[in-house]
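Engineer: Generate coordinates for the sequence data below:
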Amino acid sequence: MDISTILSPAGVIPALRSGAKKAVLEELAEKAAEVTGRDAGQIFSVLLDREKLGSTGVGGGVAIPHGKLGNLDRLYMVFARAQNPIEFDAVDEQPVDLFCMLVAPEEAGADHLKALARISRLLRNQGMCEKLRGAASADAIYALLTQDEAEQAA
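Structural biologist: Numbers count the residues shown, from 1 in each chain. Okay, the predicted model is just below:
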C-alpha cells in the first residue's frame, strides 16, 4: 500500500487551525471533503462515530482517525499537523500533534486494514515524526510521507 495512492499534496494541512478534538475532526472532514468530493458533514459523522468506540490517538503524539463511507471510489488520506499539541484522549494520555485521517469505501475491508497498518508503521518511526514536525510546508510533509516510494521507484 503506497501512501501516494491514497494521499495527494492537496490532502496535507501543515498547520491545523483547530485546538480541540471535535474541531480537529471537523477540520479533517472539511479537507477530506475537498479531496473526495463527498459531504464534510457525513465524513465528520463517520469520524466521530469511530471516536466514540475508542480514541484513535495511538500514542507518541499521533492520531489516526478513520472510518468507512458509502459511495466512495477508493481510500483517501488526509495528513495534518498541529502547531500546538491537542488533547485527544490518546492511549498514552499525551496530546497529539500529528493526525493521519483515513476514509475508506464500505467494502474496503482488507485494503482499509493494509492502509492503517502502513500508516501505523510509518508513524511509529520517531525519526519520521520529528521530520514531519519540523517540515516547513505541505509539500515538504508530502515528500517525507512518500519518500520511501520515490526512492524505490528511482
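Engineer: Run through the helices of the chain in chain order.
Structural biologist: Assigned by DSSP state H, the chain shows helices spanning 21-36, 40-53, 109-124, 126-134, 138-153.
Engineer: now what about the third one, what contacts it?
Structural biologist: Read it as helix 109-124. 1, 3, 6, 58, 60, 62, 64, 66, 68, 75, 77, 98, 100, 102, 104, 128-129, 145 (CB atoms under 8 Å, 6 or more residues apart in numbering). In short, each C-beta sits where N, CA and C put it, glycine included.
Engineer: buried subset of those?
Structural biologist: Buried members of the contacts of helix 109-124, counted by 16 or more other CB atoms under 10 Å: 3, 6, 58, 60, 62, 64, 66, 68, 75, 77, 98, 100, 102, 104, 128-129, 145.
Engineer: Which ones among these lie within strands?
Structural biologist: Among the buried ones among the contacts of helix 109-124, the ones falling in strands (DSSP state E) are Val58, Val62, His66, Lys68, Met77, Leu98, Cys100, Leu102, Ala104.
Engineer: Can you say which two of those are spatially most distant?
Structural biologist: With CB to CB as the measure, no two of these lie farther apart than Lys68 and Leu98, at 22.3 Å.
Engineer: Just to check, Ala33 is in contact with Ile43?
Structural biologist: Yes. Contact criterion CB atoms under 8 Å: Ala33 and Ile43 qualify, at 5.9 Å.
Engineer: So between these two, which is more surrounded?
Structural biologist: Remark: of Ala33 and Ile43, Ile43 carries more neighbours, 26 against 18, as counted by other CB atoms under 10 Å.
Engineer: what about Asn84, distance to Arg17?
Structural biologist: 11 Å (CB to CB, to the nearest Å).
Engineer: Comparing these two, which residue is more hemmed in?
Structural biologist: Arg17 (11 against 8).
Engineer: give the contact list for the more buried one.
Structural biologist: Glu27.
Engineer: measure Leu145 to Lys131 for me?
Structural biologist: 10 Å.
Engineer: which stretches of the protein have low pLDDT?
Structural biologist: Along the chain, segments meeting pLDDT under 70 span 149-154.
Engineer: residue nearest the centroid of it?
Structural biologist: Central residue of the chain (CA atoms, centre = their mean): Cys100, 1.6 Å from the mean position.
Engineer: what's across from that one in the sheet?
Structural biologist: Phe79 (DSSP bridges).
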